[in-house]
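Engineer: Predicted coordinates and the sequence they were generated for:
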Amino acid sequence: MRILIKNAQIVNEGQVYKSDVLIENKYIKKINKSINEIADRTINAEGLHLLPGIIDDQVHFREPGLTHKADIYTESKAAVAGGITSFMEMPNTKPQTLTQELLKKKFEIG
């Protein structure tokens, strides 16, 4: 599938510039000021920003111990929907994840 994003304000490596982006089979194929290629879907991103991914440095997944508030499954899905590609979890679980074994259990859940 080919997706063409037109007129986006691209934010990348400390710069902001207007450009088009062609995505083919989930990979960025081309970034250029004007791409005029056939695509299965074209998105007009005029006035919108396009970022490579956002890091959330303060998430509260609450697992283990407080899953009635949130859990890794639901919160990570919400993060992805919002453009988050990486996160750092706060150590406010019961018990806290302080060993390799507990960290491995979290990776298995995720």
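Structural biologist: Happy to help now that I have it.

Engineer: quick one: the residue lying farthest from the centre of the chain and Phe87, what's the gap?
Structural biologist: Using C-alpha atoms, centre = their mean, the residue of the chain lying farthest from its centre is Pro95. It sits 27.7 Å away. From Pro95 across to Phe87, the span is 20 Å (C-beta to C-beta, to the nearest Å). To be clear about C-beta, it is placed using only N, CA and C from the backbone, and glycine gets the same treatment.

Engineer: now do Tyr27
Structural biologist: On the measure of C-beta to C-beta, Tyr27 and Phe87 end up 23 Å apart.

Engineer: Let me see the domain layout of this protein.
Structural biologist: For the chain, the structural domains run 2-50, 54-109, going by automatic domain parsing.

Engineer: For stretch 93-110, output the C-alpha coordinates as PDB.
Structural biologist: Written as PDB, here are the backbone C-alpha positions of stretch 93-110 (Å, rounded to 0.1, in the frame of the first residue of the first chain):
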ATOM      1  CA  THR A  93       4.000  -0.100  41.300                       C
ATOM      2  CA  LYS A  94       3.500  -2.600  44.100                       C
ATOM      3  CA  PRO A  95       6.100  -4.100  44.100                       C
ATOM      4  CA  GLN A  96       8.400  -1.800  42.300                       C
ATOM      5  CA  THR A  97      10.300  -3.300  39.400                       C
ATOM      6  CA  LEU A  98      13.800  -3.500  40.800                       C
ATOM      7  CA  THR A  99      15.100  -6.800  39.600                       C
ATOM      8  CA  GLN A 100      15.800  -8.400  36.200                       C
ATOM      9  CA  GLU A 101      13.200 -11.000  36.900                       C
ATOM     10  CA  LEU A 102      10.400  -8.500  37.600                       C
ATOM     11  CA  LEU A 103      11.400  -6.500  34.500                       C
ATOM     12  CA  LYS A 104      11.300  -9.700  32.400                       C
ATOM     13  CA  LYS A 105       7.700 -10.300  33.600                       C
ATOM     14  CA  LYS A 106       6.800  -6.800  32.500                       C
ATOM     15  CA  PHE A 107       8.300  -7.400  29.000                       C
ATOM     16  CA  GLU A 108       6.200 -10.600  28.800                       C
ATOM     17  CA  ILE A 109       3.000  -8.700  29.600                       C
ATOM     18  CA  GLY A 110       3.900  -5.900  27.100                       C
END
